[in-house]
Every structure is written in structure tokens, then in C-alpha cells.
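K.L.:
What follows is a predicted structure for the sequence shown.
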Amino acid sequence: MPPMLLTGGGMQDGPLHPLLRGAALLAVTATAPRYRLWSVADRFPALEPVAEGGVPVEGEVYDVPLEVLRESLLPAEPDELELGVAELADGSSCLAMLLRRPAGVLEGLRDISAYRGWRRYRGEA
């Protein structure tokens, strides 16, 4: 199973972290600078791949078993996100939840890329 990047509530001490059912933390890292970070109605973050103007976004990479992904984590993800592949700062790839396309039709989006992380935006870092 490919590793999974988490950038919001699934990270350590986040409200969705128990859904990982003990999945091993592989790394605390950041994405390659190819993403914008959005707050979706201040409920959760969303990564959006961009061709220009991207920033590195902080996250945690986990070894999530397929069963946990299928039965626990994915059912809890909001409709505004979709499973995709993200590039990490070291050039490797992993699964991640990305902003569903086309993003322009979603309401309540706020560009929080300058914070480079959901915890920083929420004042938790």
C-alpha cells in the first residue's frame, strides 16, 4: 500500500486521528512546493495542485493499511475532497486527499497557503 499524506484532522492529536487505527507514522514532512492550501468553510484543509504559485504544505505520512483506508478513513472524508497522489518535498509520491475539481464551484474556500499548514492556520502550531 502506498503511504498516505495527512494534512488536517487525521494528523497526531487531531479529531480524526483515531480513524487511522494505529497506522504507523512514517514521517513528518511537507509537500513539494506545487500546492495551494485552502480552508473549506473553516472545517478542514484542502490541497490543490497548481502549476505556479505553489508552496510546501506541512503534513504527516502514514502507513495506512488498505482496510483502514477503505473502511475508516475514506468514509469520513468530506465530499469536497478526493483521493489523489501528492508529491513530497523529497520528490517521492504518496496518496493524499486533494480538493475535488473543479474547485471554483465550491463555496467557502479561503486561500490559507501563506500559513503552509492547517495547524498553523488554526493557531495550534
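P.N.:
Thanks, I have the structure now.

K.L.:
Can you pull out the low-pLDDT segments for this protein?
P.N.:
Counting by pLDDT under 70, the chain contains low-confidence residues at 102-106, 125.

K.L.:
can you give me the strands for this protein?
P.N.:
Counting by DSSP state E, the segments of the chain that form strands are 4-6, 24-30, 35-40, 44-49, 58-63, 81-87, 93-99, 109-111.

K.L.:
Mean neighbour count, these: which tops it?
P.N.:
strand 4-6 (a mean of 26; mean count of other Cβ atoms under 10 Å). Every residue, glycine included, has its C-beta placed from N, CA and C.

K.L.:
what's that one in contact with?
P.N.:
14, 23, 31, 59-64, 69, 73, 86, 88, 94-97 (Cβ atoms under 8 Å, 6 or more residues apart in numbering).

K.L.:
cool, stretch 14-31 as well?
P.N.:
The set of residues that contact stretch 14-31 without belonging to it, under Cβ under 8 Å, 6+ apart, is 3-6, 8-12, 47, 56-65, 68, 72-73, 76, 86-90, 96, 116.
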